[in-house]
Each structure stands twice: as C-alpha cells, then as structure tokens.
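Student: With the input below, show me the fold.
(chains A and B)
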Amino acid sequence: MEERWSTEHVLSLAPDQSSQKAAGKLSGPAPWSETGWGGGALWGLCKGSGSTPYRTAVELGTPAYTCSCPSRKFPCKHALGLLLLWAGAAEAVAAGSEVPEWVEEWLSSRQDAAEQKAARQQAKAAEADPAAARRRAERRSARVAAGAQELRLRLADGVRRGLADHTTDASWEEVAARMVDAQAPGLAGRVRELGHTPQGDLLEEYALLHLLAGAFTRVEELPEPLAATVRTRVGFTTDASELLAGPTVRDRWQVLGSRDTADERLTTRRLWLRGAKTGRPALLLAFGRPGQAPELALPTGRVLEAELAFHPGSRPLRATLGTRYGTPEQGPAEPPAGLTPAEAMAAYGTAVAQDPWLESWPAVLSEVVPVLSPEGWQLTDGHSAVRVRRGSVPEQALWRLAAVSAGRPVTLFGECGHAGFAPVTVWAEGARPIGVAQ
Amino acid sequence: MTAPTFTPATAGEDWAELQTVALLGTDRRPLPPAGGTPALVTVASAVDRTDQAAALLELAALSTVRRRAGAQALPAPGLPEAAAPDHRPELPEAAARRLSVLLGGRASGGAPANLAELLPQWLATARERGYRPPAALVPPLLDAARARSELRGDAVALAGPLGRWLAERNPDWRFVNRTADGTRPAPAEPDRSTETGGPDGSVDPAEQVWQEGLFAERVTHLTRLRRTDPGRGLELLRSTWPTERAEDRVLFLDALQDGLSGADEPFLEAALSDRSKNVRATAAELLSTLPGSGLATRMAERARAAVRLDGSRLAVSPPTVCDAAMQRDGITVKSPTGRGERAWWFGEIVAAAPLAFWTTETGLGPEELLRLPAGDGTSDWTDDLREAWARAAVRQQDAAWARALLGPAPREGRPGRTAGTPSKLLSVLPGAERAAWTAAFVRAHGLADAFQLLGACATPWTPPLSTAVVAALERAARSGSYPWSHSGVLGMTERALAPETAPAVEALAADAAPDTAWADTFERLAGTLRFRAAMLDELGG
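Tutor: As a prediction, the model looks like this:
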C-alpha cells in the first residue's frame, strides 16, 4: 500500500490555476460518496448538478485519471478534488476497500492498451528496413550540414558588417525558417532567440552558435560523447525506446524539484532527480497539451527506485524513465546534501568545460540566506555568494523564498550557471520542501 | 582540473576589444593580436585568420567559454538580521490550503462562494485561534491586505513577526508598520521590547516614530499606546500638540477615544478653546461621553433649565439664545439641519447631557420617562426629546436607555415606534440581545427594511436570527418577488448566516422550482454555507 500524497503534490498536478480553485471546492467530503482506495487506485462518486453522480477514478502509479464528467481539462476538477480529499483527511477515504467493477474495468483496459502499444512498437521495429533507415539518416545529416554551413556564413556576415548595423535583425526569423527546413530545430530555436538578445550579450550568442554550427560540419571527427552533445543541440532526437534498450542506471532517485513552463503550444515539465547511490543528477522532461498537465508527476522530496536511460552526450543530464520498482516512497526527512555558492560555481565551470553550450548545471546550495542587495537578490552562506538569475523566477516567488527563510539559512535546489542561480525548491528547517515558483 | 591561471583584468580587456570589433564590424576594424596568458596565446594563435569575421567569432567563442568555465562566486554580502521567532502553532494543513485558495481567489464567474467576501471572516477566526500562517503564504497575505485596507488589522496580526520583518524589506508592505493590529494589552509579551526601545538606552524608537514618522504611523502609534498605557499616550500627544496641524489634531483627538478617562479631561477642556472648529467639536463630543466631566455637568445644568417634570408630563422650555458658553461647549449657533434654531440647540443639549441626570432629576427610569408626553404648552416636543435621547444613548453607550428607546421586540401587525436610528441603538446592546431584537423585527416586517439592522449584528448570526432570515427568504420566494430585490441582504446572508442553518437552506434549494432565479440563489447560498462551515471547521475550535 502506498502512502497518501501531500496536498502540494496534488495541486501540482492541476493543469491551471482555475482547476486548483475548482478542485479546492470539491475537496470536502460533502459531494463525495462510495469513495475507496486500494489496489493502486482511488475512486469515488461526485455529486454534480446532474442527476447521476460522476464516476471518478485515479490510478496512482502512473498516475492516470478517468472521470465521466464532460470536462476537457485533464485531470479534471473531480479527479483533483478526490485526490485532495484523500490527501487531506485520513478518515475521509477508507483504505483497502474492494475495487468496484467499473474501476476494475478501467484499470484492465489501461493495461490492455499498454500491452498493445508495446506489441505495436515491437512489430514496427521488426518491420523496419535498416538499410532504408540509414539512407534516410544520411540524407538528413547532409541537409543539416548544409543548413549549418549557411548559418556560419550568415553569422560571419553579421560581425563583418558590425553588430551595430541593425539591418540584419529582422531577417533572423527568416534564417530560423531556413533552419527548420534544413531539419535542424535546435539551430532554429537559437537563431530565433537572437532577435530578442540584448546587444551586450549578442557577441557571446553569435560566437557559441557559430561554434555549434561549425562543430556539426565536422561532427564525424569529434569524440563520440561530444558529437552526441552537438547532435542533440542541433536538434537530433533519440527515440525513448531506443535509449531504454541501451545501458540504464538503476538507483534510488530522489526528486529534487520540478517546474512547469507553458507556451501556447505546450506545457513542459522539468523534473530534477539525484541518485542516492551514484550521486548523479538527472533531468526528466514531460510534455502536455495546453490546459493539460503533463502525465509524469513525481512529488518533490520523494524517492523512486527506477532505471534511467541517459541521453548520450559529453555531460549527460537528460534521462528517460524506464522500469520503476515500486511507487515513490517518502524521502529522507533532512534536506539533501549540498555545496557552498563557490563550490556550485566551480561545479558549473567544470561542466561547461565539457559542454561549452551549457547554460547551467543543477546544484543544491546548503545553508544559504537569500539577501536583497542593491544589485538584486543574492544567495550567500556568509563566505561566498551567487546572484539569483534575473527573470528566472517571478518577483513574488523571491519574496516567498525570503519569507520561508526569514533571514535564516535554508537549503536550496536550482540551476547554477554563468548568469546566476535559478532557484527551484527550498527546504527550510524542519519543513517540507516548497517549490519556489509555484 | 588544472585551469590555466589568468588575471581577470586581461580577460576583461581582451573581451572588451573583441566586442568593439564585433560592434563596428571586421570590415572597419582589424582583429586584435592574440593576448592573455601564454597558453591562451597558443590556442588563439591557432585560429585561422584568413576570414577575419569567422576568426572573430572563434576567438569570441574561446573567450566566452573560458570566462564561463572560470566564473567565480561573488564576495558575500552582509547577512540580514533574522525575523523574530513566532511561537504560535502553525495552521492545520487543511486551513492553510483554504487560505491559499482564498488568497488566490479573485471571485470568478460561477464560483459558489464569493471568496473575497469570506477572507475577512477567515482571517478574523484564524487570528482569534492564535495560529501562525505558513511562511510561504505571508507574502500573498500581505499583498491582499495591501489591496484591501479593511483586512489589514487581522492580516498584520496573523502575519506576526515575519510580516513585520518582510515589511522592513519590501516598500510595498510598508503599511504593516502603520497598521494598529488591535493587539489588546498583552501582558508579559517579550516582543514588546522591540516596540518600546532597546535595552541599550539609545533613542527610543517609539518616540522616534512620534517625532519623525508619517502621519498614519503616528496615529497608529498613539492608538496602540492608548490601549496599553493611556496616560503615556496623552503625555506624548501633549508634548507636540501646539505644533500639530489642525486637521491632524482632529484625528489625534479621535485616537483618545481609546482608554478615555477623567485624566484626559483637563486636556480636552483646554481643547475646547482650540483655534479650529473641528477640534473644538471633537473635544466637546469626547467630553460629553465622560460622565462627571465639567462639560457634562454644564450640559446637565442646561438640560435642567430646558426640561422639567410637571406632573405626568415633561414641560419643555428650549433655550432662547446660544450664548458664548454654549458655543464653547461645542454647540453651533446655526442649525445645520434646517430645523429651527431653538429646536437644534435643545437637541444638542439633551444629546450631550449625561443620561443618568434624568433619573436623578426626576426619580424615573428610562421607560417611564419615554412614556411621558413632552411639550411647551403650544407644540409637542416628544419626538425631539426622543431623538436627542437616542443620540445620547449611542454616544454614551448606555444599554438601558438604548433598550428602552428601541422598545420591546417588534411583533407582527404592531408598527415599531423607535426613535433615532435603530441600527445605531442596537449596536449599543449586547450581541445576543441585538440578534434577538433583529430576529423579531425580521419575523414581523420581513427583509425589506432589515439591511442596516442585520448589518449591526455580529457575524456569524445566532441560530435564531439565521432561522428568521431563512424563513423570511422563503416567504419572499413564495410571494413571487425577485431575488435581486434582496441582493443586499443576500450578500450579507452569505457571509453571516450560521452554518447550522445549512440543512434548512439545502431544503429550500431542493424545493425551489428548478431553473428559477430563487433556485439558483438558494443553491449558491447553500454552497457558500458548506464552504464556510468547512472553512471554520478546519480552523478548529
């Protein structure tokens, strides 16, 4: 039997603020009946405005949700409300109840779907023609290389005429479109950013992009880990199933933090982990359509025993979640071990020496106090300090961080880079971890 | 890793030169020669310079990565002083979640409960129970109080030492130090030392607030001081009185209401001769509420001259002039109400005379006095007298007189015969009595005229009052009136109805014809009651 989730975790699953609010209103026992919890699932009937109550169920492992309501939000307010009820009051949802038939049916249909998907993938892999696949890959490589070469010339043209000459500014969108055509989405994204880069930082961005494009034109000569880094940054992706077929790292992964960002097309969730045995940092990414929370949700502070497959590179960080052994367990009560600000900067330095395009590297800072100095927020342990990266979290979030610390040392997880530290999770003394930007 | 040593100065110069070239363009400016450490010169010299532009970008990449890899931590800034510890118990988890919903809740369409309306009640209850909010919720709490000043007292008290600590750092929350959090005299609160000056004998920060603070900070300080040490408050005010501006003097005088006693009389008496008319009027008003004050005695004298018990009636002889002494005691010569001048002076005298005087003078209690007709032989003065007594009862907070003036609880079919403003008179009575009287009024007269009376009752309403209001709503629904003609009362009902009434409201919602305005109204009301009940339940108690 797994443990109940924390309220913060449940709220973090909500696709948006209004869902959180709506769910809060359904978090009391009043609208619920025939609730139960057992066999890795949670279910209940919620009285709505209609005559038949909605049937709501949650499969806690993945997690996955179902509800008979017509809402297009996912998870819907009923599923969230049920989770809140369950998380908030032990007596409200009885444990170990017998799984009703409708929940059973749903669970087994999910099981079937998963098996069918696996079978389809196997069949697809068996069908594939390796020779044709290789030809496709070679064609793409050639197109990307041509795009990269063109980009190098454009960048060199820019500094030949001088960055003060703004006539080229408007054309970066067009160059980005050319990079998309060249099947190099990584280059396209970086090019698009040039249009929004302040002039003082422009030379750095030009230079690193030029370096990346140049590296790809001779990617075959590079040592394999660095070549993989270059390919990834240019925009080549590796199939998750292919990765999981390769070597994986089994560890007890502690969740150090998560953050969602959303634009009009996509909600992106970043989950940072650290292996208890290996000490390795890992980053999981999950995506959702707008208005839907990404399916992958791991509560900060919990520990999950699982296999991770790291994406190849000179400085592997991003990983794909493979086999899980059990469900996330309660992590250690004390905050994770960390570094001083000086050590965290040095760790980033070491990382950037291996991957020159690296903006930041995950780090836990121990015993730091957030201080508002005339130059902005800084984090200090009294010996050295690192500035909070401007714009990495909203102003209110920094005040929240200040309130949690109240002038006393806290443990802080975040990303440390040349532009400063982007805080993600804070542990105050004797308190549960709190997401800084939630 | 053995990083080559370099001096940041050369690195900076090297980079600045590359930036200048990039800005102007390699067409216009040549590349600088390779510089820096020997190791760097070796690497930089390996860059192919046939294409100057490409070479510039390669040198820039080299420099950028080198600077990033060698990035250093900053020197440590001074550490701030930590917030004073808060020893109150932390809010129960469910209540903390509720607070975050209430704080995040801009009342959006379709919300069953008007969250913004419920926040004050939540704050007052949480404060009363003596909880400490989770630190992470203190900033949004202060933001809410910044936007809504009526929340400030409770929000600031709830935010506690952490709130004050944050307010010292964020100018947006400066109001915290200007808010009297209504701390009742707290005996042996160790925290007080921070408010009344450190042990080091330096300048007393409290005195400093009085001498240098903003006006609002000073009023707050005075109000707080009056609640704990009225004598010291008066002394402080007296120390700067002659130099204060007239409009400030009025508000400072107002602050003396807290802890008003005979000790303040000489000062107020002197203020009766103030240059400013408003200051004089305020001083007179305060003195009239001080039984045994010189002003009250003088007013009693004037009342004695104006009203005399004559058998079974009261003979009225209103003053014929408003002499200098009367004017000094705060009675204006010109009637501001349009009433005749003599009636105006008469009313002012009766309203300012101590109510106890009437019983001493006539040997009759309020009920008996109110039964007597009053006149001057030609016209009837009964109503004038009642109005003035009603004002006096409110001003002097005299429950016996207020009760007598309000009369027995109204009954159906019998018109009320209340002088003055009933809601004001009600506010003088103890809470339970207030609610009982209002409940009787609602039962007798419905909701049409009940808005102000209901507003004078403490929230949440007592169960009998709540039941009366629900019954009146039911009658209104049955009589075919529209819910929006009761919108004022309904809004208040959502905030104040006793949670015990929930089943009755749920029943109304179930019985109302579906898809009618009343069904929606009751549905919404029931939803709000459930929300409130859950909210108060989470706060324990």
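Student: Now chain A against chain B: closest residue?
Tutor: Residue nearest to chain B within chain A: residue A:162 (2.9 Å; Cβ to the nearest Cβ). C-beta here means a position set from N, CA and C on the backbone, and glycine is covered the same way.
Student: contacting residues for the residue minimising distance to the centre of chain A?
Tutor: Closest to where the C-alpha atoms of chain A average out (Cα atoms, centre = their mean) is residue A:270, at 1.1 Å. By Cβ atoms under 8 Å, 6 or more residues apart in numbering or on different chains, the contact list for residue A:270 reads A:258, A:259, A:260, A:261, A:283, A:284, A:285.
Student: hmm, back to that, confidence score at the residue of chain A closest to chain B?
Tutor: Listed pLDDT for residue A:162 reads 90.
Student: show me the contacts for it.
Tutor: Shown in contact with residue A:162 (Cβ under 8 Å, 6+ apart): B:22, B:23, B:24, B:25, B:27, B:28.
Student: before we move on, back to that, scan the contacts of residue A:270 and report the most crowded one.
Tutor: Counting neighbours by other Cβ atoms under 10 Å in any protein chain shown, the top entry in these is residue A:258, with 25 neighbours.
Student: quick one: is the worst-scoring helix or strand of chain A on mean pLDDT near chain B?
Tutor: The weakest-scoring helix or strand in chain A, judged by mean pLDDT, DSSP states H and E, is helix A:7-12 (a mean of 76). Yes. Judged by Cβ under 8 Å from any Cβ of the partner chain, helix A:7-12 and chain B are in contact via A:7, A:11.
Student: by contact count, what packs against that helix?
Tutor: helix A:17-25, helix A:77-88, strand A:434-435, helix B:93-104 (3 or more Cβ pairs under 8 Å, 6 or more residues apart in numbering or on different chains; DSSP states H and E).
Student: Number of residues surrounding the residue nearest to residue B:227 when sequence neighbours are not counted?
Tutor: Closest residue to residue B:227 apart from its sequence neighbours, by Cβ to Cβ, 6 or more residues apart in numbering or on different chains: residue B:258 at 5.4 Å. Per other Cβ under 10 Å, the neighbour tally for residue B:258 reads 16.
Student: what's the helix or strand for residue B:258?
Tutor: Taking DSSP states H and E as the definition, one finds residue B:258 inside no helix or strand.
Student: any idea of the angle the helix or strand containing residue B:536 forms with helix A:17-25?
Tutor: Assigned by DSSP H and E, residue B:536 belongs to helix B:517-538. Here helix B:517-538 runs at an angle of 80 degrees relative to helix A:17-25 (axes from the mean of the first three to the mean of the last three Cα atoms, to 10 degrees).
Student: Can you show me the CA trace of helix B:517-538 as CSV?
Tutor: The C-alpha coordinates for helix B:517-538 follow below in CSV (Å, rounded to 0.1, in the frame of the first residue of the first chain):
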residue,chain,number,x,y,z
ALA,B,517,-33.7,32.6,-10.0
TRP,B,518,-34.6,31.5,-6.5
ALA,B,519,-33.3,28.0,-7.1
ASP,B,520,-30.0,29.4,-8.2
THR,B,521,-30.0,31.8,-5.2
PHE,B,522,-30.6,29.1,-2.7
GLU,B,523,-28.2,26.8,-4.4
ARG,B,524,-25.5,29.4,-4.3
LEU,B,525,-26.3,30.2,-0.7
ALA,B,526,-26.1,26.5,0.3
GLY,B,527,-22.8,26.2,-1.5
THR,B,528,-21.4,29.2,0.4
LEU,B,529,-22.6,27.8,3.7
ARG,B,530,-20.9,24.5,3.0
PHE,B,531,-17.7,26.3,2.1
ARG,B,532,-17.9,28.5,5.2
ALA,B,533,-18.7,25.6,7.5
ALA,B,534,-15.8,23.6,6.1
MET,B,535,-13.6,26.7,6.4
LEU,B,536,-14.4,27.3,10.1
ASP,B,537,-14.2,23.6,10.9
GLU,B,538,-10.7,23.4,9.6
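Student: Give me the angle between it and helix A:77-88.
Tutor: Going by the same axes, to 10 degrees, helix B:517-538 makes 20 degrees with helix A:77-88.
Student: what comes up buried for the helix ranked longest in chain A?
Tutor: When chain A is scanned for its longest helix (criterion: DSSP state H), the result is helix A:130-161. The neighbour-count check on helix A:130-161 (16 or more other Cβ atoms under 10 Å in any protein chain shown) flags A:141, A:144-145, A:147-148, A:150-152, A:154-156, A:158-161 as buried.
Student: Tell me which other helices or strands that helix touches.
Tutor: helix A:172-181, helix A:185-194, helix A:199-217, helix B:52-69.
Student: residues in contact with residue A:171?
Tutor: By Cβ under 8 Å, 6+ apart, residue A:171 has no neighbours at all.
Student: Let me know the pLDDT of it.
Tutor: 81.
Student: and it, how far is that from residue A:379?
Tutor: As defined by Cβ to Cβ, to the nearest Å, residue A:171 lies at a distance of 40 Å from residue A:379.
Student: Retrieve the pLDDT associated with residue B:204.
Tutor: The model reports residue B:204 with a pLDDT of 60.
Student: returning to what we had before: so what does the residue nearest to the centre of chain A look like in phi/psi?
Tutor: When read as degrees, to the nearest 10, the backbone of residue A:270 gives phi -110, psi 130.
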